[in-house]
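need the 3D shape of this:
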Amino acid sequence: MGHCGISLLGHGNKQRQRLRALADHTGISKSTVHRWFQLFNLQPHRQRHFKISNDPFFVDKVHDIVGLYLRLPDHVVVLCVDEETKIQALERTQPMLPLGLGTVEGVTHDSIRNGTTTLFAALDGATGKVLAQCKRRHRHQEFLSFLQHVDRNVARNLDIHLIVDNYCTHKHSKVKEWLAGRPRFHLHFIPTYASWINQVERFFGIITQKAIRRSSFHNVGELTRKVNAFVEHYNARARTFMWVATAESILAKIQRFRKAISRTLH
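Down below sits the predicted model:
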């Protein structure tokens, strides 16, 4: 199972439309329907998105990666690696209105786009610290440059196991050639549509929420400096993400989900 999230489908309008439709269909007042929705915590205006992995080696990959998370071998560092692409340096057209008692933070709907950057990051599962670099593009050349950065910053006596997705830059011939000459590097590819198993995605969510989404940037340089400053602050207070799910529990949950989908088809 891959990406899974909650989408608010035009929250206010959709909810009102569904209330009106249900009230018209049953002959019950909209206010009564609304009370029932609240009483039973019904939220028909929301949807959950999901994607089922079609990877033929899904089971083997889950066992491989989760095994590294739960039983880290000696003299090994496990780095969860990915790229957050096209991070926009958005400049707000008006100053943000601060959060206040009884009022939410105010942000202008419109903004000026001042370019983009790509954030390459490697999360150390044992320490919680992150190696990160911002780059203008997202090609195999930039990925190779980041691997070299990782190579320089990891102790020479440690093997490096990288958890990566199936993006083409990670499988480029030049990348394979570089890795072939460095036997301490080992790549572990996650199953297709299974970004949830790569722990660096949690870091991307944190930096987006705390450093990027609510900021205003006049140029990419400002954005890059903000990212670098956040990473430095984050590493100074780094805490590990505690992975507790076993491969067996993950596979059992996915099997139950598949059965639920199968029942809806009949």
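
distance of Thr103 relative to Arg92?
18 Å (C-beta to C-beta, to the nearest Å). Quick note: C-beta positions are derived from backbone N, CA and C, even for glycine.

actually Phe217, not the one I typed
For Phe217, the distance to Arg92 - C-beta to C-beta - is 9 Å.

comparing the two, which residue is more hemmed in?
Applying other C-beta atoms under 10 Å to Phe217 and Arg92 shows that Phe217 carries more neighbours, namely 24 against 16.

for Arg239, see how far away the more buried one is.
Relative to Arg239, and taking C-beta to C-beta, Phe217 is found at 28 Å.

repeat that for Asn157.
Distance of Asn157 to Arg239, given as C-beta to C-beta: 25 Å.

and the lengthiest strand in the chain, what does it pack onto?
Using DSSP state E to define each element, the chain has its longest strand at strand 76-92. The elements that strand 76-92 packs onto, with contact taken as 3 or more C-beta pairs under 8 Å, 6 or more residues apart in numbering; DSSP states H and E, are strand 111-124, helix 140-153, strand 159-164, helix 200-207, helix 220-236.

nearest to Lys259, of the ones you listed?
helix 200-207 (26.6 Å; C-beta to C-beta).

ok, and what's touching that closest one?
80-82, 84, 119, 121-123, 130, 163, 195, 227, 230-231, 234, 241 (C-beta atoms under 8 Å, 6 or more residues apart in numbering).

nearest to Ala23, of those residues?
Nearest to Ala23 among those, with distances taken as C-beta to C-beta, is Ser195, at 40.3 Å.

spatially nearest residue to the closest one (excluding sequence neighbours)?
Glu201 (5.5 Å; C-beta to C-beta, 6 or more residues apart in numbering).

just the buried ones from the contacts of helix 200-207?
Buried members of the contacts of helix 200-207, scored by 16 or more other C-beta atoms under 10 Å, are 80-82, 84, 119, 121-123, 130, 163, 195, 227, 230-231, 234.

helix, strand or coil for Arg35?
helix (DSSP: H, G, I helix; E, B strand; the rest coil).

how deep is it tucked in, by neighbour count?
Arg35 has 11 nearby residues by other C-beta under 10 Å.
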